[in-house]
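Engineer: model this:
(chains A and B)
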Amino acid sequence: GAVVSQHPSWVICKSGTSVKIECRSLDFQATTMFWYRQFPKQSLMLMATSNEGSKATYEQGVEKDKFLINHASLTLSTLTVTSAHPEDSSFYICSATGGTGNYEQYFGPGTRLTVT
Amino acid sequence: AQTVTQSQPEMSVQEAETVTLSCTYDTSESDYYLFWYKQPPSRQMILVIRQEAYKQQNATENRFSVNFQKAAKSFSLKISDSQLGDAAMYFCAYSYTGNQFYFGTGTSLTVIP
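Structural biologist: Below is the predicted model:
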């Protein structure tokens, strides 16, 4: 089946620094990638949608200058949290669709971000 | 606006028994996809089952089946012969474009040995 990887799986950074999370589709071309944020025991909150080579579309309330998303190739998308603050601590999940027409999302294993 | 509602925050089931998780959604579209995802403690989202709205036949995957009622906009998940490994959060999701997915708030399923 289609596999999506995320790196790192867990990251701790100091307040004010930036951290980059990578999302890769390992065995298929991801025409669209999604970035979600999930708080403990809550649902997934869509942050942004990106198509390869295009600017990401951010959901209302998501600061595009703080959460930089780059989808430079059909297998890689990155989320950079700039000037991180403790309130940015969360679980970030990426997913990808391969344009097969069945609308199935393939999820990465997630990245736990802790900002101290 | 598309919304997905899961009215059961928590459910429990005895091992080997059957449990049904509820999901309703709101849409004006006629063709779309519905999904059930499982999120175990590892937090890896796993697709359990998928239903295409234009198909009248309910989807089935081994012990997992759905009751899709298009007119009622209802999409419930039935887990038969529940196993300890079924314990997880279950999310219902909807998509009609493939570019936007709407998730319910989730149901936490406990399996009692």
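Engineer: Low-confidence ranges, chain B, go.
Structural biologist: Counting by pLDDT under 70, the low-confidence segments of chain B come to B:1-2.
Engineer: Need the residue closest to the centroid of it.
Structural biologist: Nearest to the geometric centre of chain B sits residue B:36, at 3.4 Å (CA atoms, centre = their mean).
Engineer: can you check chain A too?
Structural biologist: Note: chain A centre (CA atoms, centre = their mean) maps to residue A:35, 3.5 Å.
Engineer: which residue packs closest to it, ignoring adjacent ones?
Structural biologist: residue A:47 (4.6 Å; CB to CB, 6 or more residues apart in numbering or on different chains). The way it works is simple: take the backbone N, C-alpha and C, and place the C-beta from them, glycine included.
Engineer: same check, this time on residue A:66
Structural biologist: Spatial nearest neighbour of residue A:66, chain neighbours left out: residue A:82 (5.5 Å); criterion: CB to CB, 6+ apart.
Engineer: sorry, back to before: mind listing what the residue nearest to the centre of chain B touches?
Structural biologist: Shown in contact with residue B:36 (CB atoms under 8 Å, 6 or more residues apart in numbering or on different chains): B:21, B:23, B:47-49, B:64, B:66, B:75, B:77, B:90-93.
Engineer: how about TSV for these, with neighbour count and secondary structure added?
Structural biologist: Output for the contacts of residue B:36, formatted as TSV (neighbours: other CB atoms under 10 Å in any protein chain shown; DSSP: H, G, I helix; E, B strand; the rest coil):
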residue	neighbour count	secondary structure
B:21	24	strand
B:23	27	coil
B:47	16	strand
B:48	23	strand
B:49	20	strand
B:64	16	strand
B:66	25	strand
B:75	28	strand
B:77	25	strand
B:90	23	strand
B:91	24	strand
B:92	28	strand
B:93	24	strand
